[in-house]
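Engineer: can you look at this prediction? I've put the sequence above it.
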Amino acid sequence: GPKVLQIPSHQIIDMGQMVTLNCDPVSNHLYFYWYKQILGQQMEFLVNFYNGKVMEKSKLFKDQFSVERPDGSYFTLKIQPTALEDSAVYFCASSLEGSSYEQYFGPGTRLTVL
Amino acid sequence: GDSVTQTEGPVTVSESESLIINCTYSATSIAYPNLFWYVRYPGEGLQLLLKVITAGQKGSSRGFEATYNKETTSFHLQKASVQESDSAVYYCALDTNAYKVIFGKGTHLHVLP
């Protein structure tokens, strides 16, 4: 079936550095999402993105976070600067439409902030 | 706010036994959310197992089924006879038409051969 790819699979950085997580969504999808899962906790919604704009973001989407998808390339999540509490697995998802249409998830990027 | 509560794992059953993983939801922003079960097999990404968007309906896939019960606000996942290959983490989830999915904490299922 359709695949969402995430690059890299693991990333280790020092606190205060910038990090960019990359997502290659399903090619004809229009809606894009990021979720965050801290070890032992549930996966939580961060942000969704459509037509070049953030539609909705949760309280977990701090000011240090930003998303973009320039010219149909990767859908990215940038954290600048990183903090220790940003350590988590970040999952990207995409869907053809929003709402009840199926979201397809990537395998996740494990981010470790030291 | 909206939330999902599911059976805490791990759940261990023997092959060919029946399975039920409980899921209840709370949706304050919408009366009838869309309901989902997602699954993550070892080494793989999260994938949709089944979904039901109409209250009272039943969804089924790969021998699993779940019924959308609006009276009890439940969406329990059941299978009559599990296989070792069903070992995975199962997530109950809901979608409030707000373009985001709200997940339960996940239930680790171990099926013994």
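Structural biologist: Cool, got the structure.
Engineer: from A:Lys3, how far out is A:Cys92?
Structural biologist: A:Cys92 sits 11 Å away from A:Lys3, going by Cβ to Cβ, to the nearest Å. C-beta here means a position set from N, CA and C on the backbone, and glycine is covered the same way.
Engineer: looking at those two, which is more packed in?
Structural biologist: A:Cys92 (31 against 13; other Cβ atoms under 10 Å in any protein chain shown).
Engineer: which residues of chain B lie near chain A?
Structural biologist: Within reach of chain A by Cβ under 8 Å from any Cβ of the partner chain, chain B has these residues: B:34, B:38, B:44-48, B:51, B:53, B:91, B:95, B:97-106.
Engineer: of those residues, keep whichever come out buried.
Structural biologist: Taking 16 or more other Cβ atoms under 10 Å in any protein chain shown as the criterion, what is buried in the residues of chain B next to chain A is B:34, B:38, B:45-46, B:48, B:51, B:53, B:91, B:95, B:98-106.
Engineer: report the beta-bridge partners for B:Cys47.
Structural biologist: Residue B:47: Gln, not Cys. Taking DSSP bridges as the rule, B:Gln47 bridges to B:Val39.
Engineer: do I have it right that it meets B:Trp37?
Structural biologist: No. Checked against Cβ atoms under 8 Å, the pair B:Gln47 and B:Trp37 is beyond contact range at 10.3 Å.
Engineer: tell me the contacts of the nearest residue to A:Gln41 once chain neighbours are set aside?
Structural biologist: Distance criterion Cβ to Cβ, 6 or more residues apart in numbering or on different chains; nearest residue to A:Gln41, sequence neighbours excluded, is B:Lys105 at 7.1 Å. Residues near B:Lys105 by Cβ atoms under 8 Å, 6 or more residues apart in numbering or on different chains: A:Gln41, A:Gln42, B:Gln6, B:Glu8.
Engineer: likewise for B:Gly9?
Structural biologist: B:Val89, B:Gly106, B:Thr107, B:His108, B:Leu109.
Engineer: how about 7 Å then?
Structural biologist: B:Thr107, B:His108, B:Leu109 (Cβ atoms under 7 Å, 6 or more residues apart in numbering or on different chains).
Engineer: with A:Gly72 instead?
Structural biologist: With Cβ under 7 Å, 6+ apart, A:Gly72 has no contacts at all.
Engineer: and stretch A:64-71, what's its mean pLDDT?
Structural biologist: Mean per-residue pLDDT for stretch A:64-71: 93.
Engineer: show me the shaky parts of chain A.
Structural biologist: Where chain A drops to pLDDT under 70, the residues are A:98-100.
Engineer: and it, which of its residues are near chain B?
Structural biologist: Applying Cβ under 7 Å from any Cβ of the partner chain, one finds that chain A approaches chain B through A:31, A:33, A:42-43, A:45, A:48, A:55-56, A:91, A:98-100, A:102-103, A:105-107.
Engineer: of those, just the buried ones, PyMOL syntax please.
Structural biologist: PyMOL command restricting the residues of chain A next to chain B to the buried ones, with burial defined by 16+ other Cβ under 10 Å:
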select buried, chain A and resi 31+33+42+43+45+48+55+56+91+98+102+103+105+106+107
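Engineer: okay if I get the contacts of B:Gly9 as TSV plus secondary structure and distance to A:Ile79?
Structural biologist: TSV is the format used below for the contacts of B:Gly9 (DSSP: H, G, I helix; E, B strand; the rest coil; distance: Cβ to Cβ, whole Å):
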residue	secondary structure	distance to A:Ile79
B:Thr107	strand	30
B:His108	strand	29
B:Leu109	strand	33
